[in-house]
Every structure is written in structure tokens, then in C-alpha cells.
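Participant: Got a predicted structure here, sequence first:
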Amino acid sequence: MNKLNSKIPEGSLNKKWDKHKLNIKLVSPANKNKLDIIVVGTGLAGSSAAASLAELGYNIKVFCFQDSPRRAHSIAAQGGINAAKNYQNDNDSVSRLFYDTIKGGDFRAREANTYRLAELSGAIIDQSVAQGVPFARDYAGYLDNRSFGGTLVSRTFYAKGQTGQQLLLGAYGALNRQIHTGKIKMFPNREMLDLVKIDGKARGIIIRNLITGKIEKYGAHAVVIASGGYANVFCLSTNAMGSNAGCIWQTYKKGAFFSNPCFVQIHPTCIPVHGEQQSKLTLMSESLRNDGRIWVPKDKKTAEKLRKAENPALEATKINEDERDYYLERRYPAYGNLVPRDVASRAAKERCDAGYGVNESGNAVFLDFKHALKKLGKKEIEKRYGNLFDMYDKLTADNPYKMPMQIYPAAHYTMGGSWVDYNLMTTIPGLYSIGEANFSDHGANRLGASALMQGLADGYFILPYTIGDYLSNDINSPSIDINSPEFDEATKNVKNKIDKLLNIDGSKTVDFFHKELYNIMWNYVGISRKKEELIKSLELIKKLKEDFWKDVKIPKDEYTVNQELEKAGRVADFIELAELMAKDALNRNESCGGHFREDFQTDEGEALRDDNNCAYVSAWEYKGENEEPIMHKENLVFENIKLSQRSYK
Amino acid sequence: MNFTLKIWRQKDAKSEGCFKKYTVSDINSDTTFLEMLDILNNSLILEGKEEPVAFSHDCREGICGMCGLFINGRAHGPDTGITTCQLTMRNFKTGDTIIVEPWRAKPFPVIKDLIVDRNSFDKILQAGGYISVNTGSAQDANSHLISQKDAEEAFDASACIGCGACVATCKNSSAMLFVAAKISHLARLPQGKIEAVERAKKMVAKMDELGFGGCSNTGACSVECPKNISLTHIAKLNREFLKAKF
């Protein structure tokens, strides 16, 4: 029997959500007061969900590992948020946003979810503006838009290069308002370490207080995971240092299936890796590709010369136009520099692997504003990208007004995550997963400016409705007793794991193992994957896991701030998750979106899908330590879209 | 590059702290300040004699507001317009002695080493730093027309990352710039005007209650603000606050 019931409503695509809303059950206002919900994570999805649920009358407990909910990593999203408002009159529509998203995801997302996302996109902009989000405006005071990769319309709303920050501060305001009313209890400096199930239902969480080191228990009628993605498996990524997979990994081990772990987005425009001392990679917004042009030298010898130059970017200004290869414009004339992220990342890697890379390491290409500066003037460029240019200048000491930026792809976002049904519920009853933490709407590749849209759609407009359908059966359940044996056992397990980590007392730091993991994942499970290398990566990960549990060294102070212990727990999860990612990549015998297998490509080097055999969502079921997980398939049904070879030419 | 570091060590909120001396060597000039501390910490862990230095950090790209160190007497170090995580070692000379302290302000008690408790900032915003709109009740986004100037000024105020550099820099430990940024951001927008006066009253009252000092207009906060939040927002706060009085 197939264990996956996606609960996608019957009927025509544009009526599914309406019909579903009418069919799901409601909880009366008087009963909402009796129901408790836990939300873990305070990014766009978590904050918006917590605030909206509290407004409805539920009692909410919110947890985040940072010292304030405002610091969740949604804050760092730069470029913008998509919405099918068609304010530009450029023939945008819900259907077009839906189609772009499905195509951008290389036809590996559910039609019904993606359509709903497009339908809700407009209301997110309305809500955010009402909260005081200062989006960019035109001279008459109307909202402005810009273009993003993978689309031919302008539907991206933005607030300079800090759109995520502004949207999150809006949601954080709504959260604060409910904290003030007492409907939300906020618990910062807390990290979730396990899920508690009672009678098969999610009923609470075990957390570590990161200040006192104490283990605490919290119960609720439902648990919502909004803890973001797992790109930090790659160690060097654009994620925050603390971004972790703990919640989705612990819940996977408790029975929530994990979908499409191999779908990772490698973002094309990040500041390249330099030296051995780096801790993270800084993203340069995709919006830069609106006006910046990406190139490498046409001649390999010129590239070689650049690699040896003291300042390659300064040298590059001397290279004539006819000696430059604007390879995205050459390969994809229709979309040019605005091809989707997966396509742009692979093209950069292809050029660098072929010997045209331009910095010391050979792993960098140029992003050049020379023409835009000439055409639009410095003032206009400053207005559009000023803060991004400054950020680049501060980090690299190169001035992008005078010389091209050097960029290279880096791990950025994960399309995979907890499997959820149309209600955003995982395979554990009462456990929901929203935002980047779930696998839902982006298929095998997410379009730029769509993560903010999805996080907020889930939190403001989907979960507040669908969670009622589940909780309506729970109105007679009393508050969850945290002194039950299930809570005690979960607490014991968490304590045992901490003791085990602290007692290894080996010879290498956590950072050492995380960097080793980077080497394995970036080289073998990165932008481009080969069957034999994936098999090799599985061996290497297994070995790394053994070494980690034998040889990691963590300071022993348990009941105080112990940042090494926090890191160790996260890296232990990443190593296990890395194994599942490699397994999933090995299992998916096709190339699609962010998953590129060299054994499946067209003659022109483009991704070659296999719609007959691979139009599915993988959903992995945990079977225990040292047991092989089982992969279930949710077959994707396309009733409204004709599957085609994705072309941006 | 090689450096001598004098770092504030403090076991917890109750213990007394002191400076301790460390050395780091072979640091690249484009390594960031926090990466340099990572390197120090990795060697401290392997030595096993003392605990690594605890410090707050997360995004490491200048936007989450989590990091914040007082370096050689300046919030976020010698460069301007950046957070500690964006500070690279090329801003120092090899051989330099660098003094590293936590934010020092009564409403920001030290938790451990360089980590302080900034929960008071959240409390000020909880008191009223928002527009009271429920999810679902918004009208079409273009029904509020907002001039480009107002939108940009609101953005400039709203760019505050809540790091606390302003408080740490102010000789009175005043939170005026932080509070003013939120009040000014919302008061400039038509959606935020209705509650502007009440908001100012509530936030200022909370700020006073939490023990932040008064503002004496020296402007040091604005100079050290990593997001260059302008002092004019404090004037806007005062305007809204005066309205509340009459």
C-alpha cells in the first residue's frame, strides 16, 4: 500500500484551493483558546504562521536558537519576492507564475501546490505593505518591480537588496504584537533536539536551553517545523552559521518522510572561495543579473594570465570586448544573463573546468557592470545596487564601479525537505512543516524571489486554514502532560546523545569534520554528479561518520553556553543527512533542475529528464540506525501542463 | 599576519570578568575578524586548557544583527558602515595588539565572555513597534500611494538590524537611535500614521523602564551604526513624542 496520501483535491486546478477550504473543518473561536501549538523557527514561515495562528486565537509557543526571532536567516534574502500582480501590464497572471514555477522547477513539483502558491502571491504583497514593509516605489508612488531569473515578466517586488529583512521585520512585528497580547510565548536561545510522539501523534518537543544548558520539555496539540533548509551540509554555503537541519532530521528519525534530499540549489553569484580560513560564502543578489553581464576571456591564455595577476579584476578592465565570452548570452540568447540559477551555475562550472576561470583558484567568472554604468549612469546603478556594491567592496577590497565582480556558485537553498501533503502535514499526524523545511513547491530548482513567497504563503495563508482541519478532532484533548513517559524517554535520549558527544574527547574539532564533509559533498554531490562518484561519496561519508563519533573534541561544560556542543550536534545531523542526499542522487536516474547527473545530458550539455520513469517525488522512510531507509514514490500527475524539455534558448 | 589579542573573559553573568592575552599567527588579510576568532577557538579547544571564547554570530554577512564586538574601543571595530562579521583583518597591521570586549551597557548584561543579553530590544518593540494589522485584512497594495522619498526614508530607518552598537557606543547607554528608527520608519508611511503617537509613547515608556539612559545628542550612535541610521530619526521620534504630550 502506498503510504503517501497527498490529499490533493479533485476538480479543476483553479478551483482546488477554494474547494478544499470549503471542505476542511473549522475550529470555533471558543475552542481555539483551548488548543496549543508549537512553532519551531522564526523566519518568514515561522513568524508569519505563529502570528496568524495567534490572531485566530490559538495558544502559541515559539522557539528559535538565535537570541531574538528577528535574526532568523530569512533576514538575509536580498533580491525580492514574486507576485502575479501584473502591475506592469506585461501579461503576467497567476497561470503564468504557476507555469514559470513548474518549468523553473524542471517539472518536478506538484501542480496543485504550485498553483495555490501563485494564487496567494498577491495577497502576500498586500499584507506586507499593510504592515509597513517599505517596498521600492516609482515616481508616482506606485509599487515598482524588477525581473528575476527564469521569467520574461517583471513581477519581483523589492526593498533595495534587503527584501528578506524588510519582510521578516514585518512578520516579526506581527509576532511581537501577539507576544504583547500574551497569545504567543516566545522562547529564544532554544534548540529543538527531539520530537515527542504520543499515540503516534506529534505532541511536543525536547529542547536545549542554549544559555543554561538545561534540557526542557514543551507540549502542544500540534507541532509546526519552520526551521529552514539544510544547505549547511556543504559547510561553505550562503546560509547562516547556525542554520541547521536538526528539526527536520530528528522528525525524519521519528517517522516524518524526507523528500528529494538531493535537490539542492547552488546559487550562481556568490563571492568565490579564497584560502582555507573562510567560514561562509557571501551571496551577491540575483537581481544583479538584471544589469550585470557575466563573462570569461575567450582565450585560455588570457585566463591564465588573469589567474596570475595581482588583481585579476583590474586586469580584466583592459580586455577588449571582442576578447570576452559572454557565455550565457551566447548559449541562451532568449534569457541571456537571466537564465535560472541551476543553468547559470552549471555554465560557470563548465567554463572554469574548461580552463577559463579567472581568479587565483581558477574558480571564478566576472560579473560586469561596465555597460550598465555607461548606459544608466553611476547614480542609477547606485540606487539599484548601492548596498550590494558596498558589501562587495568591503569584503574584497575591489570596487565594482571600477572593475567587474568575481563570482562563483555556492550552495544556497534546498528544495528537498520534509514530505508534506496538501495541508502541509508530514507523515506524522499533527506535525507540520512549512517554508524551506518542507519539499513542496519548487520541484528540482527554485526560481529567484520565490522562497520568500512560499514561506509567507505557507505561514500567512495556508497553515492557519489547514491546521484547523486536524485540530478540530482534538478540541476535547486536554493540555498535553509533559510528565508522561514519552516525554521522559525523549529527554533521556537527548541527554544520552549529549553525554556521548561530550565524552568522546578526541583529537579534532567539529570544524575539521564539517570541512571534510564540505570536501566530499562539494566534489561528489555538488553541481555536477557522476554515478561512480556518488557511490564513492557514500563510502567517504560513512567513514567520516565513524571518525566523527570516535575523534571529535568538545569542551565539557554542559550547563553553560557551549557553542561547540551546539555545532557538534548539528554536524552529526549533517553527516547523516549527507548520506541520504547521496543515496537520493544515486537513485534518481535523470538530470533535472539542481540535480545534474553527467550520465544523463543532451548533446548540448543540458539536463536530460526521464519523464517516463522519474516524474516522482522521493519520500524516504527511516528504518533505524544502520538500517537502509526505504524510498517511497509519490508519482507526479500533470493534468494541466505539457512536459517539455526546459529551454531558455 | 600575526596579532596579540586581549579578550574579555567572563564565565557567566554572576562571575567577575577579566582580560586575557592570546596570540594568533598566519592570518590572511582577507580573513574576517570572526574567522580569526574561529581559528583561535579551534586551537584553544585542541589545547584543552581553557574554554573557547564565546561570541554571538550567525549570518556573517552583516544583516542578522547577532554579532557585535567592541574592538579597540569602537563598536564593530575600526571600519565604518559594517558589522563585526564584515570586518576583515586588512584593517589591522600585523603585530597589532587588539582589545576585544562585549557591548557594555546596563540593559545588556553579559551572559558569557563576549555574549550579551539584548532581550530588552525585543521588549521595546513588543510594546508597540508595529502596525496593528491582522493577517487577511489588507487591501490591495497599490491602494496606499507612497512617494519615493517617503518610501526611501522609511527604508533607511527600517534598515536597523538591532545589533545594539548604538547603545554600546552611547556614554549614557541610550537606545534612542534604535527606538527612533522604528518610530520614524512607521510614522513616515500612511499605514503607520494612525498609531504613531501611541506607538511613540509606549516604546519610549518601555525604553525608560528597562533602564536605558537619556539622549544627550552627541551623535556617536549614528557614527558607529553599521547601517548608517541617521540622527534625524531621533528628531522625528521627539516630534511624535511631543504630539503625545499635547
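Facilitator: Okay, I see it.
Participant: C-alpha from now on. contacts and neighbour counts both.
Facilitator: OK.
Participant: tell me the domain boundaries of chain B?
Facilitator: Listed by automatic domain parsing, the domain ranges of chain B are B:3-111, B:118-245.
Participant: Redo those domains as TSV? Include distance to A:Ser154 and mean neighbour count.
Facilitator: Rendered in TSV, the data for the domains of chain B read as follows (distance: least, C-alpha to C-alpha, whole Å; neighbours: other C-alpha atoms under 10 Å in any protein chain shown):
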stretch	distance to A:Ser154	mean neighbour count
domain B:3-111	26	19
domain B:118-245	16	20
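Participant: now those in JSON lines, with mean pLDDT and distance to A:Phe513?
Facilitator: Listed next are the domains of chain B as JSON lines, based on pLDDT from 0 to 100; distance: least, C-alpha to C-alpha, whole Å:
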{"stretch": "domain B:3-111", "mean pLDDT": "97", "distance to A:Phe513": "12"}
{"stretch": "domain B:118-245", "mean pLDDT": "96", "distance to A:Phe513": "31"}
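Participant: now B:Lys20: how far from chain A?
Facilitator: Note on B:Lys20: its distance to chain A, by C-alpha to the nearest C-alpha, to the nearest Å, is 19 Å.
Participant: For that residue, give the beta-bridge partners.
Facilitator: Per DSSP bridges, the residues bridged to B:Lys20 are B:Ile7.
Participant: Give me the distance from the helix or strand of chain A with the lowest mean pLDDT to the chain's centre.
Facilitator: Least confident helix or strand, chain A: helix A:370-396 with a mean of 92, by mean pLDDT, DSSP states H and E. Helix A:370-396 has its C-alpha centroid displaced from the chain centroid by 27 Å (C-alpha atoms, centre = their mean, to the nearest Å).
Participant: Without its sequence neighbours, what residue ends up closest to residue 201?
Facilitator: Picking chain A for this. In space, not counting the residues next to it along the chain, A:Lys201 is nearest to A:Pro429; the distance is 5.0 Å by C-alpha to C-alpha, 6 or more residues apart in numbering or on different chains.
Participant: right idea, wrong chain: chain B
Facilitator: Taking C-alpha to C-alpha, 6+ apart as the measure, B:Lys201 lies nearest to B:Phe241, with 6.2 Å between them; neighbours along the chain are not counted.
Participant: Spatially central, which residue of the chain would that be?
Facilitator: Assuming you mean chain A. Most central in chain A under C-alpha atoms, centre = their mean is A:Tyr413, positioned 3.5 Å from the mean C-alpha point.
Participant: The chain in question should be chain B.
Facilitator: Among the residues of chain B, B:Cys163 comes closest to the average C-alpha position under C-alpha atoms, centre = their mean, at 2.0 Å.
Participant: Do I have it right that that residue meets B:Met66?
Facilitator: Yes: counting by C-alpha atoms under 8 Å, B:Cys163 sits close enough to B:Met66 to count as a contact (6.1 Å).
Participant: Residues contacting stretch A:96-115, please?
Facilitator: Defining contact as C-alpha atoms under 8 Å, 6 or more residues apart in numbering or on different chains, one finds that stretch A:96-115 is touched by A:8, A:13-14, A:16, A:83-84, A:94-95, A:117-118, A:150-151, A:340, A:422, A:440-447, A:592-593, A:615-617, A:636-638, A:640-641, A:643, A:646.
Participant: repeat for stretch A:476-496
Facilitator: Under the criterion C-alpha under 8 Å, 6+ apart, residues A:34-36, A:193-198, A:203-204, A:206, A:215, A:217-221 lie in contact with stretch A:476-496.
Participant: This completes my enquiry, with thanks.
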